[in-house]
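> following is a predicted model, sequence given first.
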Amino acid sequence: MKKSIIYLAVGLILAIVIYAFYEYNRGPASLDGKSSDMSISAKELLKDFQQDEKLANSKYLDKVILVTGAIAELKKDEVPPSVILETGDALSRVVCEMERLPDALSLGEAVSIKAKCTGFLMDVVLVQGVIAE
Amino acid sequence: MKYYWVFLLLMTSGQLSAQKYFTRSGDISFFSQTPMENIEAHNYKATCVIDTETSRIQWAVLIKAFQFEKALMQEHFNENYMESSKYPKSTFEGALPGLSDLDLSKDGDHNLMAKGDLTIHGVTRTIETPVMLTVKGGALSGSTNFEVAVADYNIEVPSVVRENIAKVVQVTVSADFDELK
């Protein structure tokens, strides 16, 4: 009886230690399998931030957004690579820092990108982007 | 609202050719070293505008765009220490005295001293840091590094992880600038 309690306690502690170790070392989760919280066009997303940044922050920060737009620029050589989406505004665009970039993308092509929204500087900046199928 | 001056700067630049430089992909990283662990995070989407006529410089960076190796560190950084939902940005607004005297049309290295207001976690403090500007093949790039004492910006670190996070964090900044035409 006493022995089994000890075994149980040791097992439990071991489980906690293993869990803590994996939790501590957990890398940033890819958005691959995650569903998006909302979808919006790049143009609308920028407009929301330009009109009321505070409101847009409360609506979009940390959210996984499926953003759609035409590719204005591809930064393939940067680490990590980025896709910049057209918004109709010459100065401000939607910049998506990508987890990876498929080779097949071309300028002007309409894409949907799943990414996490981090806020607004000159552009709306999203990170951990993946191209949505 | 004060970020709008960046737009103003950009918009009024048409007639003043080659007096402003900017980037929207500046690299800001920080490094915390303790005997317990080293923590490093990178942000590749910082913006900066430099006005070579007035020697003014402004940086802005989104706290949530800092990427960590470990997800848990990133969560704690955002939620507990930087409160990034409340304070989504960090900025530096200041001057690079001597910049307007430089001839940036020629290749060369220039050492300057940046001085200005650094805002982190809603707290603004004046800092000074040496900046290296390089012109190579007509392209301007720059870098600096400085130290940030966590306590100076009212960032509270709970006692359980106090040994894991350095009291003074090393910040490294570098950028390749585009000319505003």
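Yes, it's here. Numbering: from 1, shown residues only, chains lettered A, B, ... in the order given.

> every contact and neighbour count from this point should use C-alpha atoms.
Noted.

> what packs against the host helix or strand of B:V173?
Following DSSP states H and E, one finds B:V173 within strand B:168-179. In terms of contacts (3 or more Cα pairs under 8 Å, 6 or more residues apart in numbering or on different chains; DSSP states H and E), strand B:168-179 is packed against strand B:20-33, strand B:139-149.

> list the buried ones in the first one?
Looking back up the chat, that one is strand B:20-33. Within strand B:20-33, the residues scored as buried using 16 or more other Cα atoms under 10 Å in any protein chain shown are B:20-33.

> got CSV for these, with pLDDT and distance to B:I63 too?
Below are those laid out as CSV (pLDDT from 0 to 100; distance: Cα to Cα, whole Å):
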residue, pLDDT, distance to B:I63
B:K20, 92, 25
B:Y21, 94, 23
B:F22, 94, 20
B:T23, 94, 17
B:R24, 92, 15
B:S25, 92, 14
B:G26, 95, 13
B:D27, 96, 13
B:I28, 97, 11
B:S29, 97, 11
B:F30, 95, 12
B:F31, 96, 15
B:S32, 95, 16
B:Q33, 94, 20
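
> need those residues in TSV with distance to B:D178, can you?
Formatted as TSV, the buried residues of strand B:20-33 follow (distance: Cα to Cα, whole Å):
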residue	distance to B:D178
B:K20	9
B:Y21	5
B:F22	5
B:T23	6
B:R24	9
B:S25	10
B:G26	11
B:D27	14
B:I28	17
B:S29	21
B:F30	24
B:F31	27
B:S32	31
B:Q33	33
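
> list just the nearest of those residues to chain A.
Chain A lies nearest to B:R24 out of the buried residues of strand B:20-33, by Cα to the nearest Cα, at 7.5 Å.

> for A:I13, see how far away the nearest residue to that closest one once chain neighbours are set aside is.
Spatial nearest neighbour of B:R24, excluding adjacent residues (Cα to Cα, 6 or more residues apart in numbering or on different chains): B:T47 at 4.2 Å. Look at B:T47 and A:I13: by Cα to Cα, to the nearest Å, they are 48 Å apart.

> more neighbours: the two, which one.
Taking neighbours as other Cα atoms under 10 Å in any protein chain shown, B:T47 and A:I13 compare with B:T47 leading, 24 against 12.

> in which helix or strand does that one reside?
Remark: B:T47 resides in strand B:38-51, with elements defined by DSSP H and E.

> so A:A132 touches A:A115, yeah?
No: counting by Cα atoms under 8 Å, A:A132 does not reach A:A115; the two are 9.5 Å apart.

> look at the residue lying closest to A:D32 once chain neighbours are set aside and report its pLDDT.
Among residues not flanking A:D32 along the chain, A:V130 sits closest, at 6.7 Å (Cα to Cα, 6+ apart). A:V130 carries a pLDDT value of 94.
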